[in-house]
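Peer 1: Using only what follows, build the 3D model:
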Amino acid sequence: MKIRKINCPYCNIEMKYISTERIQLGRTGWIALPVSIYECPTCSKLEFFRYKK
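Peer 2: Prediction:
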């Protein structure tokens, strides 16, 4: 797995990788999309990126 170097668009500091999770699309949908989650340590903004091997 490749961890990206992402800067927060608000704070302009590097965001921290949290984990890769499967999120459900829609309320009753059966489609689960794997995403990598990043968080800004200053303002707590989250960024989601589709996970690719």
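
Peer 1: For Pro34, name its beta-bridge partners.
Peer 2: Counting by DSSP bridges, Pro34 forms beta bridges with Arg22.

Peer 1: Quick check: it touching Arg50?
Peer 2: Yes - in this structure, Pro34 is within contact of Arg50 by C-beta atoms under 8 Å, at 7.3 Å. C-beta here means a position set from N, CA and C on the backbone, and glycine is covered the same way.

Peer 1: Comparing those two, which residue is more hemmed in?
Peer 2: Taking neighbours as other C-beta atoms under 10 Å, Pro34 and Arg50 compare with Pro34 leading, 12 against 8.

Peer 1: so who does the more buried one touch?
Peer 2: Counting by C-beta atoms under 8 Å, 6 or more residues apart in numbering, Pro34 touches 20-22, 50-51.

Peer 1: how far away is the residue nearest to the spatial centre of the chain from Ile6?
Peer 2: In the chain, the centroid-proximal residue (C-alpha atoms, centre = their mean) is Ile37; its distance is 2.1 Å. As judged by C-beta to C-beta, to the nearest Å, Ile37 and Ile6 stand 11 Å apart.
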